[in-house]
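S.K.: Just need the structure, nothing else, for what follows:
(2 chains)
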Amino acid sequence: MNGQLPPIDPDLRVQLARRSAGRAPATLLAEMARALDGVGAKEPRTSSRPRPGWRLPRLAVAGVGAALVVVLAVALALPALRPGPVLPAAPPAQGALTTAGLATLMSGSELPANTTLVASVTIDSRQDVCPMNSRVTIGVVEGMASQVCVMGDSLYPYLTTSKVKAMFAFRYLAPGYLGLIGQISPASPTKVAFGAVDEWPQDQMFLVEGWLGAVETTASCSGAPTAGDLLNPSGGDCPYDNWLGTDSTAPGIEADLRYDPAAPTAADDPLSLRGNARHVEAGGMRLIDSIDHAKPVHGVYVVGSTNRCPPVPPQPSMHCVYWHVLARVSNVGFTGPTPTPSATPTPTSTTSAPPATPTIPPSSPLAPVPAGLLGSGNRPLTPGELATIWAADPNHLAGRTAIVTGPVPTGFECRDASASSSAASPACDVAVTSGEIAADGYWAVKVGADGKLSLVGAVSIPNGSFVYSYDGARNAGIYRAGAVMVDAWLDWQPSLECEMPPYPSDSLCGAGAVTSYLTAMKLESFYTADSAIPVQLGAYQIFGSEDLNARPIHGVYLIRWESSGVTILARLEAVPGA
Amino acid sequence: MERELVERARAGDRDAFDALVRTRIDAVYRTSLAILGADADAADATQETFVSAWSHRDALRDSDPFDAWLGRINLNACRQQLRRRGRKSVREIRLADPDDRAEPASNDRAIDDRTAEADAFDRAFARLSVDDRAVLVLHHLQERPVAEIAAVPGSPEGTIKSRLHRARAALESALAQEWR
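M.R.: As a prediction, this is how the structure comes out:
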């Protein structure tokens, strides 16, 4: 909708003027000055100031240098950490995923939730796409086969320019979704990760290869540590004292247990090196990445500096600024075709393998969100139909979800639609990644650009049909049925404040943007839990910036009940002729 | 002069940044207050806005209009404030200020009506998303051009236009529910 701006509404103006009447409290300016003093990192007039600390370290790190989202694929240039799959070369930061590598990864099989990736990519700042109830949209990654959204935790506008190319650390949230941990500063033009005893940069986020260990102290703890936000985990880990070092032991850290607070020395600065290790905070990250304290764990870790002291009054950094471990880079590999920057063009034909680098030119518009595939009459595809569609246009299928009737044989063989029916096309062979698909049943499968057919889940169907009606789904208790196909309308509306009834669910509160619902039809101006099913859009995106008013959208939706609620996995469309 | 202040602040000059704060603190506070509706929340969001801006001043690019950049941070600070408040049950009641009234409070019933109307409006407004609240404030109260409004959330102008229509419709629906 691109009509004219609505005229100024005098009544609305009066009410808004009433709400905003007044001036900032007289004390606010002074309070803010003190807070700013506590933040100051580069004031030229404070050259004698001790080591700077950040009030919002992670956000600041993410913002410094401007915002970009770089997905740093984790397989750092550390062969010992990365056995097996070969990641694409990623100059200039060896080990980081390239755009092509990330595209391959994101269009392949679903990764475990919270997987940490490091990649050098370009983020296009967009706030008008990728609605997610619980996170703020930062932008989308350029050059992906299908849309890959970059989400943040909320406060900082990471991208201050329209596009930013850099190296970033991400958490994998869901298919098509990455959460931004922050921008990574490589150790050097040829090396991504710092060593544990290198000079670590302050006010930046970076990677460290080493051993993460912990020493249990006798400290009295007020409560168990909490994970904090996935993208900004909490730091404290009482009663443990974490360290990051070059070896599986850290005698210097052990010696610190004998620390005498009455006689501090220069070595008491918590940022300093203690022999072969440094003190770090890693409580939330340990919970998120399931790393217990029993023994040191080698890996590559995302590290930043954090300020544990309140911003006011100003005080020196000693015992305030700590190294903060935010994530352990996952040993992610992908077994699909490795992009080979060969000078010899790959011949293109209907018998060629799926493209190894499913990128689109950066200047291309975002690829339309692919709909999932069904057979005519809303029935699942047969394996033969899927094979035919695959052979006809592998690119068209990449990244899509299809509903297929099992058993799907492993070693699944495609046929070129233009060839004779008996001529198998070996180049269309598809690896089936789950033996379950070879059983009877109805399966939602994801077609990867890497030539893999992976299982999304079993699909439950109603008696006498393949697709539930909206009411039928509710009556059948879809919350216990796993993945189901529902004929319904998708609608959305502004999110409600948590303190204002009705309450769709706590997880949907806050964050602004919109809350999405599945409903039998557009019923009323505000949906409630009784009139509609609140849903997370998950990886499924249905609209671009100009389609927000084009609601509701009718369709057959593949949905699944998850711990966070009902998620839409795909909107399904019948394949003509299938 | 203004541009020079921004440049100096970006380079780390606190005096310059303080000067920018002094000329904008009331405007940022009023915008926050219109969006959030509570003095304490608005003060927190205002402080968060400037502290975050100072922390991330390196991210301000030469081509970025400072006020749009600050507005975006303020919008995020308001979002954050609402998220925090969403976990609390405390609600702040703003008392009507007699000075706000255009006419003497000689008629108790008229005052009651106005109070009820304002209360209903605030409840309805609270049902909107922060982004919807923001575009309504920026347009209907501050009368900013669409290009300036679009720069705050960083959205295309077309999106802002449609969001304005949608936010207005959502507010009317919420108001209708309040008066049922």
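S.K.: And residue 167, which helix or strand is it part of?
M.R.: All of this is about chain A. Assigned by DSSP states H and E, residue A:167 belongs to strand A:163-174.
S.K.: actually chain B
M.R.: helix B:157-179.
S.K.: Torsion angles phi and psi at the residue nearest the centre of chain B?
M.R.: The C-alpha lying nearest the average C-alpha coordinate of chain B belongs to residue B:31 (Cα atoms, centre = their mean; 2.9 Å). With angles defined as degrees, to the nearest 10, residue B:31 sits at phi -60, psi -40.
S.K.: Please tell me how far it sits from residue B:73.
M.R.: As judged by Cβ to Cβ, to the nearest Å, residue B:31 and residue B:73 stand 12 Å apart. C-beta coordinates here come from the backbone N, C-alpha and C atoms, glycine included.
S.K.: Next: residue B:36.
M.R.: 15 Å.
S.K.: gap between residue A:38 and residue A:171?
M.R.: Distance, residue A:38 to residue A:171, by Cβ to Cβ: 29 Å.
S.K.: In terms of packing, which of those two has more residues around it?
M.R.: Between residue A:38 and residue A:171, counting by other Cβ atoms under 10 Å in any protein chain shown, residue A:171 is the more crowded of the two (23 against 20).
S.K.: In terms of helix, strand or coil, where does residue A:103 fall?
M.R.: Look at residue A:103: counting by DSSP: H, G, I helix; E, B strand; the rest coil, its state is helix.
S.K.: For it, grab the count of nearby residues.
M.R.: Neighbour number of residue A:103 under other Cβ under 10 Å is 30.
S.K.: Hmm, residue A:147 and it touching each other?
M.R.: No - assessed by Cβ atoms under 8 Å, residue A:103 is found out of contact with residue A:147, at 11.3 Å.
S.K.: Residue A:279 contacts residue A:241, doesn't it?
M.R.: Yes - Residue A:279 is within contact range of residue A:241, at 6.5 Å (criterion: Cβ under 8 Å).
S.K.: Find the residues that touch each one of those two.
M.R.: Common neighbours of residue A:279 and residue A:241 (criterion: Cβ atoms under 8 Å, 6 or more residues apart in numbering or on different chains): A:253, A:256.
S.K.: Distance-wise, check the residue nearest to the centre of chain B relative to residue B:80.
M.R.: Applying Cβ to Cβ to residue B:31 and residue B:80 gives a distance of 15 Å.
S.K.: just residue A:125 next, same as before
M.R.: Distance from residue A:125 to residue B:80, by Cβ to Cβ: 19 Å.
S.K.: Kindly report the same for residue B:163.
M.R.: On the measure of Cβ to Cβ, residue B:163 and residue B:80 end up 20 Å apart.
S.K.: neighbour count winner among these two?
M.R.: residue B:163 (28 against 23).
S.K.: Can you tell me the closest non-neighbouring residue to that one?
M.R.: Leaving aside its sequence neighbours, residue B:163 sits nearest to residue B:135 (Cβ to Cβ, 6 or more residues apart in numbering or on different chains; 5.3 Å).
S.K.: element containing the one you found, please.
M.R.: Assigned by DSSP H and E, residue B:135 belongs to helix B:130-136.
S.K.: Does that helix pack against any helices or strands, and if so which?
M.R.: Counting by 3 or more Cβ pairs under 8 Å, 6 or more residues apart in numbering or on different chains; DSSP states H and E, the packing neighbours recorded for helix B:130-136 are helix B:14-36, helix B:66-86, helix B:157-179.
S.K.: next SSE after that helix?
M.R.: Criterion used, DSSP H and E; the element after helix B:130-136 is helix B:146-151.
S.K.: buried sites along that following helix?
M.R.: B:146, B:148-151 (16 or more other Cβ atoms under 10 Å in any protein chain shown).
S.K.: where in chain B is pLDDT low?
M.R.: Across chain B, residues meeting the criterion (pLDDT under 70) sit at B:1, B:61-64, B:83-112, B:154-155, B:180.
S.K.: tally of neighbours for residue A:23?
M.R.: Residue A:23 has 11 neighbouring residues, counting by other Cβ under 10 Å.
S.K.: gap between it and residue A:29?
M.R.: For residue A:23 relative to residue A:29 (Cβ to Cβ), the value is 11 Å.
S.K.: same check, this time on residue B:138
M.R.: For residue B:138 relative to residue A:29 (Cβ to Cβ), the value is 24 Å.
S.K.: neighbour-wise, which of these two wins?
M.R.: residue B:138 (25 against 17).
S.K.: wait, isn't the more buried one in contact with residue B:149?
M.R.: Yes - taking Cβ under 8 Å as the definition, residue B:138 is a contact partner of residue B:149 at 4.6 Å.
S.K.: List the strands paired with the host helix or strand of residue A:534, with their directions.
M.R.: Taking DSSP H and E as the definition, residue A:534 sits inside strand A:533-536. Applying DSSP bridges, strand A:533-536 is found paired with strand A:514-519 (antiparallel), strand A:565-574 (parallel).
S.K.: That strand: what's the following helix or strand?
M.R.: Sequence order places strand A:553-562 as the next helix or strand after strand A:533-536, per DSSP H and E.
S.K.: mind listing the strands for the stretch 151-300 of chain A?
M.R.: Using DSSP state E, counting those that start in this stretch, the strands of the stretch 151-300 of chain A run over A:163-174, A:177-183, A:193-195, A:206-216, A:228-229, A:232-233, A:240-245, A:277-281, A:297-307.
S.K.: Would you mind putting the ones you listed into JSON lines with mean pLDDT and distance to chain B alongside?
M.R.: Listed next are these as JSON lines, based on pLDDT from 0 to 100; distance: least, Cβ to the nearest Cβ, whole Å:
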{"stretch": "strand A:163-174", "mean pLDDT": "86", "distance to chain B": "10"}
{"stretch": "strand A:177-183", "mean pLDDT": "89", "distance to chain B": "10"}
{"stretch": "strand A:193-195", "mean pLDDT": "90", "distance to chain B": "21"}
{"stretch": "strand A:206-216", "mean pLDDT": "92", "distance to chain B": "16"}
{"stretch": "strand A:228-229", "mean pLDDT": "78", "distance to chain B": "11"}
{"stretch": "strand A:232-233", "mean pLDDT": "82", "distance to chain B": "12"}
{"stretch": "strand A:240-245", "mean pLDDT": "90", "distance to chain B": "25"}
{"stretch": "strand A:277-281", "mean pLDDT": "89", "distance to chain B": "19"}
{"stretch": "strand A:297-307", "mean pLDDT": "85", "distance to chain B": "11"}
